[in-house]
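Undergrad: Could you work out the structure for the sequence below:
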Amino acid sequence: MNTQYNYYYNNVPGQEPSRNNLIYTSLMSDDQKTFVQWYFNDTEYHQGKNEVVDPNKMEEKWLREVNYLTQMRNRFPELVPKIIKIELDNKKIFLEVDGPDFWNLAQCDVANYDKVLPDWQEQMLNIIQIHKNLGFYKFSMHPSSYFVVDGKLKSINYFFTYNKNEGPISIADHASHIYSTRQEIMREQVEAMGLDWYKPQPLDKLQELCFESFRTNYPASFIEKAKRIYEQE
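TA: Predicted coordinates for the structure are as follows:
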């Protein structure tokens with residue numbers, strides 16, 4: 001029997017359903033057991049607000065997703081969704097999930113995170129610690145970048161991940177896949193941290209900037225704990 005896949009959106013209260021991701025096209029099976037990352041710039045899904053239109057940039061993001069997601073699968077399979085299959089020609093990754101992402105489950109409200117998963121902070125901080133131990137700098141940490149399967153957080157969206165041997169990189173070169181409102185927050189932090197938007201910056205400084213830019217999505221105490229992980233030697 002063929003499985004039907006449909007566009008997958010985030011349902012922010014008071015807003016129209018919004019795309020789940022700025023890079024790829026998000027799909028979900030009818031039974032909500034399979035999530036698909038389709039690295040195709042679908043104008044209908046992105047509603048004409050396509051961010052990454054450069055095919056070379058899209059190819060780079062696809063390769064990073066495959067690279068770092070499979071590294072996590074190989075070394076810490078309990079921290080990412082089970083990879084059902086990867087269609088290299090179609091640029092699709094099929095992931096085993098158990099319903100909507102963490103952000104949607106919480107009705108897109110930080111006040112509901114504890115109701116969805118009481119120990120979400122400990123689990124997410126553990127994932128961040130693993131990234132640090134592996135030498136990963138992951139700059140995509142929106143709550144929709146996690147699914148809950150059998151009470152465990154599963155991390156995705158590795159398209160914006162670099163290893164410690166890469167960089168420095170500039171913010172400007174990556175602005176196309178940072179949402180406009182987050183860019184506004186980041187610009188204030190860039191000035192406060194003495195960084196430069198256009199010149200290449202060290203990955204550790206950009207990781208700190210990333211955490212700061214997500215303060216509206218997480219409790220302040222969580223952000224401080226996450227920052228301390230990357231401050232460790």
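
Undergrad: From now on I want contacts and neighbour counts done on CA atoms only, so please keep to that.
TA: Fine.

Undergrad: what's the next secondary structure element after the longest helix along the chain?
TA: Of all segments of type helix in the chain, defined using DSSP state H, the longest is helix 55-75. Helices and strands here follow DSSP states H and E; after helix 55-75, the next one along the chain is strand 82-87.

Undergrad: Please save the CA atoms from that next one in PDB.
TA: What follows is strand 82-87, C-alpha atoms only, in PDB (Å, rounded to 0.1, in the frame of the first residue of the first chain):
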ATOM      1  CA  LYS A  82      15.400   6.200  13.100                       C
ATOM      2  CA  ILE A  83      16.300   6.800   9.500                       C
ATOM      3  CA  ILE A  84      13.900   4.700   7.500                       C
ATOM      4  CA  LYS A  85      15.700   5.400   4.200                       C
ATOM      5  CA  ILE A  86      17.600   8.100   2.400                       C
ATOM      6  CA  GLU A  87      16.800   8.700  -1.300                       C
END
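
Undergrad: Packing partners of it?
TA: Other helices and strands packing on strand 82-87, by 3 or more C-alpha pairs under 8 Å, 6 or more residues apart in numbering; DSSP states H and E, are strand 92-96.

Undergrad: Identify the residue spatially nearest to C108, adjacent ones excluded.
TA: Spatial nearest neighbour of C108, excluding adjacent residues (C-alpha to C-alpha, 6 or more residues apart in numbering): V12 at 5.5 Å.
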